[in-house]
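Asker: Any chance you can model this:
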Amino acid sequence: MSDLPEKPKLSRLFRLQWEEAQDNYVLLYPEGMVKLNASAAEILKRCDGLRDIPAIIGDLENTFSASGLQADVEDFMRAAHERGWIT
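Answerer: From the prediction side, this is the model:
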C-alpha cells in the first residue's frame, strides 16, 4: 500500500454526489462526470482524509457484514489514485 496516500481523501477537482437523474452516485469534475458503481461510491464516501486505509476497510466490512475486502479495496484505491480521484 506504500503507493497509496496514508489517509486518502477525494481530490479537490472532484465532487462525489448522489445524482437523481442517474439514480446513482457520480464523481463530478470540470470536464464531465463518472458514474460509480455502489462499491466504488461506498469506498469513496469514506475517503475523508481522516481515516487510514485499514480503518476504511474495517468500516466497510462492519457496515456490510463482510470479510476479506482488503485486496479489492486496495485495488480500487490504486485505480482511484492513478486517476487522480483521491490524494
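
Asker: residue furthest from the geometric center of this protein?
Answerer: Distance from the C-alpha centroid of the chain peaks at residue 21, with 21.1 Å (CA atoms, centre = their mean).

Asker: Can you pull the phi/psi pair for that one?
Answerer: Main-chain torsions, residue 21, degrees, to the nearest 10: phi -60, psi -30.

Asker: Over to residue 48?
Answerer: Torsion angles, degrees, to the nearest 10, at residue 48: phi -110, psi 0.

Asker: Residue 62 too?
Answerer: Backbone torsions for residue 62, taken as degrees, to the nearest 10, come to phi -70, psi -50.

Asker: returning to what we had before: what's near enough to touch the residue farthest from the centre of the chain?
Answerer: Counting by CB atoms under 8 Å, 6 or more residues apart in numbering, residue 21 touches no other residue. To be clear about C-beta, it is placed using only N, CA and C from the backbone, and glycine gets the same treatment.

Asker: quick one, strands of the protein?
Answerer: Ranges of strands within the chain are 15-19, 24-29, 32-35, based on DSSP state E.

Asker: Identify the residues contacting the second one?
Answerer: By CB under 8 Å, 6+ apart, the list of residues contacting strand 24-29 from outside reads 13-19, 33-36, 38, 40-41, 44-45, 85.
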